[in-house]
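A.B. asks: output the structure for:
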Amino acid sequence: MHDDTGWSVFVACGDSFTEGLEDLQPDGAYRGWADLLAVDLANAQATAHGTELRYANLAVRGRLLGQVVDEQVPTALSLGADLVSLVAGGNDVLRPGSDPDALAVRIETAVEQLRAGGADVLMATGVDPVQSPLISLTRGKVATYNSHLWSIARRHGAYVLDLWGMRSLQDRRMWAPDRIHLTSEGHQRVAWQAGEVLGLGGEHDWSTPLPAEPARARRDAVREDAQWVREYVGPWVGRRLRRSSSGDTVQPKRPAAGPVGGAPSGDDVEATVDGHPS
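C.D. replies: A predicted model of the protein is given here:
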């Protein structure tokens with residue numbers, strides 16, 4: 001774990017969750033929990049030590065665990081990261097035939113690599129999909145993968161962001177219409193929990209559920225489920241059949257480790273991340 005001087009370079013690795021979908025900002029860019037966490041870490045670093053945190057976000061939507069490990073983890077180390085968030089495997093778990101035990105072996109190798117390179121590691125469990133039609137079929141695989149993540153963290157001294165245990169995320173209002181990505185409120189709550197896990201303190205309430213909403217008529221719920229299948233599940237299946245990904249043409253939004261409050265400067269080391277279809 002980090003020493004009393006704090007962290008100097010935070011690099012976020014992963015897929016759409018860490019890229020920040022669907023936390024869309026007025027300028028058309030996605031923000032997300034990792035960006036919010038970086039701001040909190042930077043403020044804490046400046047207050048406690050008078051030093052500046054640099055931040056890069058290498059996450060790209062659609063990336064599978066193997067792609068994150070092969071493409072983003074070495075880049076994070078090349079950027080001099082001493083804190084890396086490594087949140088991946090969700091896209092793999094959604095795919096029929098995926099093996100959570102094999103995924104655990106792959107991510108543990110990456111954690112070992114990062115820890116040997118001097119970086120602290122923050123992982124995250126998968127959200128409990130018990131409330132989600134169709135996605136709930138993956139619940140057993142998600143739970144198995146989560147159990148591995150806790151064990152990996154104990155073996156290697158890593159941090160774990162417990163999304164499975166966040167009762168507030170069981171509210172459909174925390175999720176975008178695609179039911180895969182968080183709303184801005186959801187991302188903010190995840191960032192607050194991440195800060196708490198990393199020892200930032202504060203009194204932000206990330207766990208209390210939203211006030212109860214009026215009950216929906218069953219016919220409305222059925223209609224919404226049917227619309228979701230048409231607009232989101234169908235296109236997702238189509239991409240799988242075409243062996244394409246929503247992130248095929250997407251580049252990391254912050255490929256260089258730069259000041260959190262502004263765009264990376266020309267003096268920062270640029271990351272090279274090759275895209276592969278998921």
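
A.B. asks: how about low-confidence regions in the stretch 1-150 of the chain?
C.D. replies: Within the stretch 1-150 of the chain, the set of residues satisfying pLDDT under 70 comprises 1-5.

A.B. asks: now the helices for it?
C.D. replies: For the stretch 1-150 of the chain, the helices defined by DSSP state H, counting those that start in this stretch occupy 16-19, 33-49, 65-67, 73-78, 90-94, 100-116, 139-156.

A.B. asks: what helices or strands is the fifth one leaning on?
C.D. replies: Think helix 90-94. Counting contacts by 3 or more CB pairs under 8 Å, 6 or more residues apart in numbering; DSSP states H and E, helix 90-94 is packed against helix 100-116, helix 139-156. (C-beta placed from N, C-alpha, C; glycine too.)

A.B. asks: the fourth one now?
C.D. replies: Applying 3+ CB pairs under 8 Å, 6+ apart, one finds that helix 73-78 contacts strand 9-14, strand 83-87, helix 100-116.

A.B. asks: one more: the third one?
C.D. replies: In terms of contacts (3+ CB pairs under 8 Å, 6+ apart), helix 65-67 is packed against helix 100-116.

A.B. asks: burial measure for the nearest residue to residue 115 once chain neighbours are set aside, as a count.
C.D. replies: Using CB to CB, 6 or more residues apart in numbering and skipping residues adjacent in sequence, the residue nearest residue 115 is residue 156, 5.2 Å away. Using other CB atoms under 10 Å, residue 156 has 15 neighbouring residues.

A.B. asks: the one 5 residues further on too?
C.D. replies: Counted with other CB under 10 Å, residues neighbouring residue 161 total 24.

A.B. asks: pull out the buried residues from stretch 38-50.
C.D. replies: Under the neighbour-count criterion of 16 or more other CB atoms under 10 Å, stretch 38-50 has 38-42, 44-45 buried.

A.B. asks: for stretch 141-151, same thing?
C.D. replies: 141-146, 148-149.
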